[in-house]
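1. need a structure here:
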Amino acid sequence: MSSSQPVPDGQYRVKKVRIWDHTISICLQNTNGPCPLLAIANALLLRGDIVVHPDLAFVGEEQLFELLGGYLAERASGSQEVAEGTPAAVAALPRLAKGANLNVIFADVCAFEYTEEIAVFDIFKMKLVHGWVVDPQDLGTAAAFGRLSFNQVMDVMVQDSGDDGGRVAAFREFLDANPTQMTHHGLAEIHAEIKEGEFRVLFRNNHFSTLTKHEGALYTLMSDLGFLNEPNVVWESLNDIEGNSTFVNGSFQKYEPGMVSDPGGLSRGDFSSEAAYETHLASLSADAQLALKMQENEQRKAHAAGVEAAGASGKKSPARGGADEELARKLQGEEKRRAKLANAGTAMAGKGKGEAAAVGVDSDEALARKLYQEEMDTVAEMRERRLQEELNKKVPIANKEVVAASGASSKASKCVLQ
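-> Numbers count the residues shown, from 1 in each chain. As a prediction, this is how the structure comes out:
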């Protein structure tokens, strides 16, 4: 499905990204743009606190509300403060899907006027930062602003009586000089504030972005729908206040147009069904599809060769000896079938251009054509059926206990959207 297809109202497109060695589903912007609900949800997804099933193409707002509410409900059992604040936070989520009217305080990157929206960030343990900060070494400007908020500064400017000791002039000069709502001092303070590998939400230009720090550099998550089919565009560097940035992939390697080193970052094992995998494959560019199929073929050949070598030496894995031999036979059969399909495709392509057919015998060509057409029909049917299911079905929410990955012995509770 291309990024040009309209996203239904109240839905978020899901993008599967590879973050180091983990496949994670993130949510992309809809008509509401980079809203606070999206930034909070993506930060929790990256932290592993909530999970969206990799087969889903869309997630509805109501589903996100339930997912986030389930996360709070789990935390509430061990915290009276969370239990008391959960009802108000859940009630505020629909507003956060549209935006939030935050009031920054110019003295500190973490300073905001306390509101119901700020309370929601607090209860999710999601720290909020901004970079619209006055440099204390600029003594005149710092004295004029003090710890005033944006709204307070606006009030002073509106009520300007002409006898303000130069405060209004200082306000205007600062605001005119920093239209991107980020100062050099503010950016430096964000660097100092955020820890390596931490996820926060950045408020800037009335937009909310998921922010992290890697090897001393700041990055914001790319949640723009236009990058749905760019699996290697995951983060954007936050180098300076002028917007000179670089795109990187989930391993923080610089993005180059056309790169296929991480073709989707996904394999068949990341999907629960063949149809879901084919839907993902259809969204990739031709180069990325070719790279992924070549990679899978190499993996099959390597595995089959390993099993054959083990059989020749008379050694079998205690648990998988017979199973591996059976798998090898199936893989070899699959390779032969794919070879026939490739020959059929070459033959038909050649004839379409007036070239000699790659398959010379009529009976073989007829068989190859039949196999090729059956394959194409099956793939098309699976794609169409899967896409229609994603658009029509309502996915139930389930909260599950899952064992934490990476071999940890302790159990972690995650809220999972299936």
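2. secondary structure element for the nearest residue to residue 9 once chain neighbours are set aside?
-> Excluding its sequence neighbours, the residue lying closest to residue 9 (CB to CB, 6 or more residues apart in numbering) is residue 31, at 7.3 Å. (Each C-beta comes from the backbone N, C-alpha and C, glycine too.) Here residue 31 sits in a region with no helix or strand, counting by DSSP states H and E.
3. equivalent analysis for residue 13, please.
-> Assigned by DSSP H and E, residue 13 belongs to strand 11-19.
4. list the contacts for the closest residue to residue 129 other than its chain neighbours?
-> Closest residue to residue 129 apart from its sequence neighbours, by CB to CB, 6+ apart: residue 109 at 4.9 Å. Listed by CB atoms under 8 Å, 6 or more residues apart in numbering, the contact partners of residue 109 are 129, 130, 131, 133, 186, 189, 190, 193.
5. let's see that with 10 Å instead.
-> Residues near residue 109 by CB atoms under 10 Å, 6 or more residues apart in numbering: 128-133, 183, 185-194, 202-203.
6. can you turn the buried part of these into a PyMOL selection?
-> Restricted to buried positions by 16 or more other CB atoms under 10 Å, the PyMOL selection for the contacts of residue 109 reads:
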select buried, resi 128+129+130+131+132+133+183+185+186+187+189+190+194+202+203
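7. in helices, which of the contacts of residue 109 fall?
-> Among the contacts of residue 109, the ones falling in helices (DSSP state H) are 185, 186, 187, 188, 189, 190, 191, 192, 193.
8. now the fourth one: how far from residue 200?
-> Using CB to CB, to the nearest Å, one obtains 16 Å as the distance from residue 188 to residue 200.
9. what does the fifth one give?
-> From residue 189 over to residue 200 the distance is 13 Å, taken as CB to CB.
10. now for those two: what residues contact both?
-> Common neighbours of residue 189 and residue 200 (CB under 10 Å, 6+ apart) are 110, 129.
11. run a quick check on residue 8 versus residue 58, I expect a contact.
-> Yes: using CB atoms under 10 Å, residue 8 is in contact with residue 58, at 7.0 Å.
12. just want to know which of the two has more residues nearby.
-> For residue 8 versus residue 58, neighbours defined as other CB atoms under 10 Å are more numerous around residue 58 (19 against 12).
13. the more buried one pairs with what?
-> Under the criterion DSSP bridges, residue 58 forms beta bridges with residue 13.
14. numbering from 31 from now on, please.
-> Fine by me, first position is 31 from now on; the one you just mentioned is residue 88.
15. with adjacent residues omitted, what lies nearest to residue 257?
-> The spatially closest residue to residue 257, leaving aside those adjacent along the chain, is residue 263, at 4.6 Å (CB to CB, 6+ apart).
16. can you map out the strands along this protein?
-> Counting by DSSP state E, the chain has strands at residues 41-49, 52-57, 80-82, 88-90, 158-160, 229-234, 237-244, 247-251, 265-267, 277-278, 427-433, 441-447.
17. as TSV, the ones you listed with mean pLDDT would be great.
-> Formatted as TSV, the strands of the chain follow (pLDDT from 0 to 100):
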stretch	mean pLDDT
strand 41-49	92
strand 52-57	92
strand 80-82	93
strand 88-90	92
strand 158-160	97
strand 229-234	96
strand 237-244	96
strand 247-251	96
strand 265-267	95
strand 277-278	94
strand 427-433	32
strand 441-447	58
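18. which of the ones you listed sits closest to residue 187?
-> strand 158-160 (19.7 Å; CB to CB).
19. each with direction, which strands does the closest one pair with?
-> Here strand 158-160 has these sheet partners by DSSP bridges: strand 229-234 (parallel).
20. quick one on the thing from earlier: between the strands of the chain, which one is nearest to residue 124?
-> Among the strands of the chain, strand 88-90 sits nearest to residue 124 (CB to CB), with 12.3 Å.
21. that closest one - contacts with which helices or strands?
-> strand 41-49, strand 52-57 (3 or more CB pairs under 10 Å, 6 or more residues apart in numbering; DSSP states H and E).
22. and if we set it to 7 Å?
-> Other helices and strands packing on strand 88-90, by 3 or more CB pairs under 7 Å, 6 or more residues apart in numbering; DSSP states H and E, are strand 41-49.
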